[in-house]
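S.K.: Make a model of this:
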Amino acid sequence: MDIAIIPLDPTDDTAVEQAYQIVAASDAADLPDFPPHCRTRFVGWLRHPMPGNLTHFALARIDGVPAGYLGIDLPQLDNTDNAEMNLHVHPRHRRKGVGRALHDYAVRLLREHGRKWVTSATVATLPGGPQRPEAPAAFATATGAKAALVDVRRRLDVTTVDQAELDRLLAAAWPRADGYSLVRWIGDTPDEDLDDLGYLDGRLLEDAPMGDLAWGPVQVDAARMRGIEEALNLRGRRRYHCAMRHDATGRIIAWTVLDFGATSPWHAYQQITIVDPRHRGHRLGTIIKIENLRYALASEPGLRAVDTWNAAVNDHMISINEAIGFRPVDSWTNWQLAL
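M.R.: Numbering: from 1, shown residues only. Here you go, the predicted model:
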């Protein structure tokens, strides 16, 4: 049995489709409650990287048959000692050495690029939750990676949301938000708010619990924000935004996003929710999350489930999510390997 690792050219339609089939089969086996892996998103990720990010992709073949996929992100503007790795092996070809071959290939490549750390994530079973495979965590441990941060995925069943409870939460929150106004939009950010959103986006890695991950803040200006939005558009991502504007200054100081894929209108991801530290204590996070859910539902009546991830120690955001109706599903370990 011969395992060959071959760099993947994102312009090669055949190789891209082979990679997609590997990832789709892997997700279907390991995460059956997720929507089918979106082809538009996957192809867009390969062909339209985020600004300031160098990417590298590879396929593993067993005797010529596609068996594994590797994706690597190499930040070029911030966190330039770091990299992220995404590795999938087709269920039919597991336990044949494909994962180890791809991992060793990635380590050699990252050392050539002078990286010191690489991170990846694996899913695990929570008590009472759906069964998740144990092999990925065992593999990460065997490579020498260390568990650096644990996230918990929570899902909101939109069909069972208690709308009266959401009304109660909003009624209790809005009196605390005197001096702030709600702002909503779909897709790209209005020009006048780009700098404010860049500031908030850049704060995320500074404000969110990061455990032992060696990742620091990023600098996001208006041009970088537009580049991020362009990449998301090319990946077929539909985004619903709610934010709060500070009336006295006109600045956007809180922001949240719901993100839909191109092929599964029943599902969305709750993405960033952040409040400028100088404006916390006014229930702004609660307000924008509930208002954004209702804003999205007005245009996406087929929405049935929303997934979100929070660091297991992020008690404040977890309390907001659980008050809305999110419930734990599984645990996600962020692994970090010193190179």
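
S.K.: average pLDDT for stretch 141-160?
M.R.: Computed over stretch 141-160, the mean pLDDT rounds to 97.

S.K.: Quick check: buried residues in it?
M.R.: 143, 145, 148, 149, 151, 152, 153, 154, 155, 156, 158 (16 or more other Cβ atoms under 10 Å). C-beta here means a position set from N, CA and C on the backbone, and glycine is covered the same way.

S.K.: Would you format those residues as TSV with distance to residue 167 and secondary structure included?
M.R.: Formatted as TSV, these follow (distance: Cβ to Cβ, whole Å; DSSP: H, G, I helix; E, B strand; the rest coil):
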residue	distance to residue 167	secondary structure
143	49	coil
145	46	coil
148	40	strand
149	35	strand
151	30	strand
152	27	strand
153	27	strand
154	21	strand
155	22	strand
156	16	strand
158	16	helix
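
S.K.: export the residues you listed to TSV and tack on distance to residue 96?
M.R.: Shown next, in TSV, are these (distance: Cβ to Cβ, whole Å):
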residue	distance to residue 96
143	17
145	21
148	28
149	30
151	30
152	32
153	29
154	35
155	33
156	38
158	41
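
S.K.: tell me the two of those residues that are most distant?
M.R.: The two members of the buried residues of stretch 141-160 with the most space between them (Cβ to Cβ) are 143 and 158, at 38.4 Å.

S.K.: State the helix or strand in which the spatially most central residue of the chain lies.
M.R.: Residue closest to the average C-alpha location in the chain (Cα atoms, centre = their mean): residue 271, at 7.0 Å. Assessed by DSSP states H and E, residue 271 sits inside strand 267-275.

S.K.: which strands and helices sit next to that strand?
M.R.: helix 194-207, strand 251-260, helix 284-299, strand 305-311 (3 or more Cβ pairs under 8 Å, 6 or more residues apart in numbering; DSSP states H and E).

S.K.: At which residues are the strands of the stretch 1-150 of the chain located?
M.R.: 3-7, 53-62, 65-75, 82-89, 117-125, 146-157 (DSSP state E, counting those that start in this stretch).

S.K.: could these go into TSV alongside distance to residue 276?
M.R.: Output for those, formatted as TSV (distance: least, Cβ to Cβ, whole Å):
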stretch	distance to residue 276
strand 3-7	42
strand 53-62	26
strand 65-75	24
strand 82-89	26
strand 117-125	27
strand 146-157	23
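
S.K.: Residue 143 and residue 339 touch, don't they?
M.R.: No - between residue 143 and residue 339 there is no contact under Cβ atoms under 8 Å: 11.0 Å.

S.K.: The closest residue in space to residue 210 that isn't next to it in sequence and residue 246, how far apart?
M.R.: Excluding its sequence neighbours, the residue lying closest to residue 210 (Cβ to Cβ, 6 or more residues apart in numbering) is residue 149, at 6.3 Å. Distance of residue 149 to residue 246, given as Cβ to Cβ, to the nearest Å: 31 Å.

S.K.: Next: residue 272.
M.R.: Noted for residue 272: a distance of 18 Å to residue 246, by Cβ to Cβ.

S.K.: ok, these two, which is more surrounded?
M.R.: residue 246 (19 against 15; other Cβ atoms under 10 Å).

S.K.: give me every residue that touches that one.
M.R.: By Cβ atoms under 8 Å, 6 or more residues apart in numbering, the contact list for residue 246 reads 179, 180, 252, 253, 279.

S.K.: Apply 10 Å and report the result again.
M.R.: Residues near residue 246 by Cβ atoms under 10 Å, 6 or more residues apart in numbering: 179, 180, 181, 196, 252, 253, 254, 276, 278, 279, 282, 284.

S.K.: So which of those residues is the closest to residue 37?
M.R.: Looking across the contacts of residue 246 and measuring by Cβ to Cβ, the closest to residue 37 is residue 254, at 31.8 Å.

S.K.: these two touch, right, that closest one and residue 279?
M.R.: Yes - under the criterion of Cβ atoms under 10 Å, residue 254 makes contact with residue 279 at 6.6 Å.

S.K.: overlap in contacts of those two?
M.R.: With Cβ under 10 Å, 6+ apart, residue 254 and residue 279 have common neighbours 177, 180, 244, 246.

S.K.: Read off the pLDDT value for the last one.
M.R.: Per-residue confidence for residue 246 comes out at a pLDDT of 98.

S.K.: quick thing: my sequence starts at 716, can you match it?
M.R.: New numbering, starting at 716: the last item is residue 961.
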